[in-house]
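Engineer: Sequence plus the predicted model coming up.
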Amino acid sequence: MPALCYPFDSQLQERQCTDQEVSSANASMVWKKYECEVSEFGICTTVGRVTPDIYSQIVAAVNESYALEHYTPPLLSLQNCNFVRDAFSRITSSYCPPLNHYLKIINVGLGLVSVGVLLCLVLWILYANRPQREEAFEKLSLPEKIKSIFKNNQNSANLSRQM
């Protein structure tokens, strides 16, 4: 039964499989020839090296390793957003070159909106801490109230003298 080819050497560089090894792409078909028929006791009754149970476990492991080998690199590119950057650079260079210019304009616009919102927030905080209109006029109108009280007192005193 041929061994499974490991596609990388000790320095994790890609290598070619030898003639005595099978690739993960066709290992299940090659190993099917080495499957035997089993008796009710689980012992091989025909020529072969692996039981159907062991064969199914080996094929499942090979399918998992094949999936990891072929689907991991694209998933790793999602980890640090290289996939998104590559997609946008391909779109901007191939399909619509002005898109790069428009994306820069959008980024500048979003920056200006952010600065505007920040400025509004600062002005709102400063305006909220100002004295309110009634408080400002109350300080100015206090002497007027005192004058009117004194005038009322003087008027009532004058009326009482006249009587």
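Structural biologist: Good, I have the coordinates.
Engineer: and residue 11, helix, strand or coil?
Structural biologist: At residue 11 the chain is in coil, as set by DSSP: H, G, I helix; E, B strand; the rest coil.
Engineer: what's the weakest-modelled helix or strand in this protein?
Structural biologist: Across the helices and strands of the chain, mean pLDDT, DSSP states H and E gives its lowest value to helix 133-162, namely a mean of 60.
Engineer: Could you count how many residues lie near residue 29?
Structural biologist: Residue 29 is flanked by 10 other residues according to other C-beta atoms under 10 Å. (C-beta placed from N, C-alpha, C; glycine too.)
Engineer: Quick check: pLDDT value at it.
Structural biologist: Note on residue 29: pLDDT of 92.
Engineer: Confirm that it sits in a helix.
Structural biologist: Yes. The assignment for residue 29, made by three-state DSSP, places it in a helix.
Engineer: what's the spacing between it and residue 70?
Structural biologist: 18 Å (C-beta to C-beta, to the nearest Å).
Engineer: Can you report how many residues neighbour residue 77?
Structural biologist: Neighbours around residue 77, by other C-beta under 10 Å: 14.
Engineer: typo on my end, residue 62
Structural biologist: 19.
Engineer: Skipping its backbone neighbours, what lies nearest it in space?
Structural biologist: residue 27 (4.8 Å; C-beta to C-beta, 6 or more residues apart in numbering).
Engineer: Report how many residues lie close to the one you found.
Structural biologist: Residue 27 has 22 neighbours, counted by other C-beta under 10 Å.
Engineer: and the gap between it and residue 68?
Structural biologist: Distance, residue 27 to residue 68, using C-beta to C-beta: 14 Å.
Engineer: measure the residue nearest to residue 62 to residue 106 for me?
Structural biologist: Using C-beta to C-beta, residue 27 is found at 51 Å from residue 106.
Engineer: Residue ranges of each domain in the protein, please.
Structural biologist: The chain resolves into domains spanning 3-79, 134-163 when parsed by automatic domain parsing.
Engineer: could I get the ones you listed as JSON lines with distance to residue 111?
Structural biologist: Listed next are these as JSON lines, based on distance: least, C-beta to C-beta, whole Å:
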{"stretch": "domain 3-79", "distance to residue 111": "27"}
{"stretch": "domain 134-163", "distance to residue 111": "38"}
